[in-house]
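Chemist: pasting the structure only:
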C-alpha cells in the first residue's frame, strides 16, 4: 500500500474547533488575524480545513499507487497528482492529446472540442412562443453553421407539412438537410431529407409501434350463392369480383335431357392487413 504522509489535523469527534457558522462569520476570515489573540479553536479550524484538503490530495496520489511524501518536493507532488488524475479518472493517453481547433483537421489522436464539424454550440431562435416555420429554422441553421451541423431539438410548429410536433434530430449540410423525428403520439419515426429549397422527401420507418401495411395472412370469406331457375334455358354465371368459385349445384334432368345448372357458390378472398381482415373488392 502506498504511503500518504499528509495527515489531517483536529479531526477527532470532540476536537476543539470553531463551529462552521461562527467560522463563516469570523471577520478575520477575509483579512486574517491583524491583532489580538486567536483562540485555539479558531487556529484548529484553520489547520483542519487546510490539512483535510492536503490529506485528501495525498490519499488520491496514494490510491493511484505512488507515495505522497512530506519532504518539501513540490514538483514531485504535482507530477504525482497529474498522474493520479490520469490513472484514477480513466483518461489514459487522452490527458496528453492535443485538441482539434479546425473543422478541416482530421488528424489522428486529437480531442474533439466544441465547434469541430459543427458539434456543440448554441443557437437562439427567439422566445418559446415565437412562431417559426421549418424553412425558417433551416435558414437559421444554414446561416449560423454554414458548413454542416448536428442538432437535437424539440420541434413544435403548425408547419405540419414539414414535420409534426415531436423531438427530432437535424443533420444539415449546405442547402440540404435530413431530419429524423419520433412522433410522441403514436411512436412513428419519420425521416425527411432533400433540398430544402426544392423537393423534400419523406420516409416512414416501421416498427412495433407502427407496423408496415403488409399482408400478414389470407383466407376465404363467407360463402355466397347465385341461383337460376331450372327452366332449361342457357345462362352464364360469373362470381363477384374478388371471389373464387367453390361449388356448383346441378339439377339432374330426366334421362336424355341436358343437365341444368341451378346454383353456383363463391367465397371472397380476404387479407389480414395490420390485424384486420379486409375483403378484396377488385
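Modeler: Happy to help now that I have it. Quantities reported herein were computed from a predicted structural model and do not represent experimental measurements.

Chemist: doesn't residue 50 fall inside a helix?
Modeler: Yes - according to DSSP: H, G, I helix; E, B strand; the rest coil, residue 50 belongs to a helix.

Chemist: compute the number of surrounding residues for it.
Modeler: Other residues near residue 50 number 12, with proximity taken as other C-beta atoms under 10 Å. Bear in mind the C-beta positions are built from the backbone N, C-alpha and C, glycine included.

Chemist: now residue 71
Modeler: Neighbours of residue 71 under the rule other C-beta under 10 Å: 9.

Chemist: residue 67 now?
Modeler: Residues near residue 67, counting by other C-beta under 10 Å, number 15.

Chemist: can you offset everything so residue one is 14?
Modeler: Happy to do that; since the first residue is 14 now, the last one works out to residue 80.

Chemist: need the pLDDT of it.
Modeler: Listed pLDDT for residue 80 reads 95.

Chemist: next one: it from residue 72, what distance?
Modeler: From residue 80 across to residue 72, the span is 12 Å (C-beta to C-beta, to the nearest Å).

Chemist: shared neighbours, the two?
Modeler: Residues touching both residue 80 and residue 72 by C-beta atoms under 8 Å, 6 or more residues apart in numbering: residue 17.

Chemist: contacting residues around the closest residue to residue 28 other than its chain neighbours?
Modeler: Leaving aside its sequence neighbours, residue 28 sits nearest to residue 57 (C-beta to C-beta, 6 or more residues apart in numbering; 6.6 Å). Going by C-beta under 8 Å, 6+ apart, residue 57 touches 22, 23, 28, 29, 30, 31.

Chemist: mind checking the SS state of residue 57?
Modeler: Judged by three-state DSSP, the three-state class of residue 57 is helix.

Chemist: over to residue 74?
Modeler: Residue 74 ends up helix, using three-state DSSP.

Chemist: pull the number of nearby residues for it.
Modeler: Residues near residue 74, counting by other C-beta under 10 Å, number 27.

Chemist: do the same with residue 39
Modeler: The number of residues packed around residue 39, counting by other C-beta under 10 Å, is 16.

Chemist: how about residue 255?
Modeler: Look at residue 255: counted by other C-beta under 10 Å, it has 15 neighbours.

Chemist: hmm, it is touching residue 294, no?
Modeler: Yes - between residue 255 and residue 294 there is a contact at 5.4 Å, judged by C-beta atoms under 8 Å.

Chemist: so, low pLDDT: which residues of the stretch 64-213 of the chain?
Modeler: Along the stretch 64-213 of the chain, segments meeting pLDDT under 70 span 103-151, 153-190, 192, 194-200, 205-213.

Chemist: tell me who's in contact with the nearest residue to residue 82 once chain neighbours are set aside.
Modeler: Of all residues not flanking residue 82 in the chain, residue 18 sits nearest, at 5.2 Å (C-beta to C-beta, 6+ apart). The contact partners of residue 18, taken as C-beta under 8 Å, 6+ apart, are 71, 80, 81, 82, 83, 84.

Chemist: so which elements touch the longest strand along the chain?
Modeler: Criterion DSSP state E: the longest strand present in the chain is strand 273-286. Strand 273-286 sits against strand 228-233, strand 237-240, strand 256-264, strand 289-292, with contacts defined as 3 or more C-beta pairs under 8 Å, 6 or more residues apart in numbering; DSSP states H and E.

Chemist: and it with strand 228-233, angle?
Modeler: Interaxial angle, strand 273-286 versus strand 228-233 (axes from the mean of the first three to the mean of the last three C-alpha atoms, to 10 degrees): 160 degrees.

Chemist: tell me which residues are up against strand 273-286.
Modeler: Identification of contacts with strand 273-286 by C-beta under 8 Å, 6+ apart yields 226-241, 243-245, 248, 250, 252-253, 255-264, 266, 290-293.

Chemist: just the buried residues from those residues, in PyMOL please.
Modeler: Filtering the contacts of strand 273-286 down to the buried ones (16 or more other C-beta atoms under 10 Å) takes a single PyMOL command:
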select buried, resi 241+252+256
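
Chemist: wait, is residue 85 part of a strand?
Modeler: No - membership of residue 85 in a strand is not supported by three-state DSSP, which gives coil.
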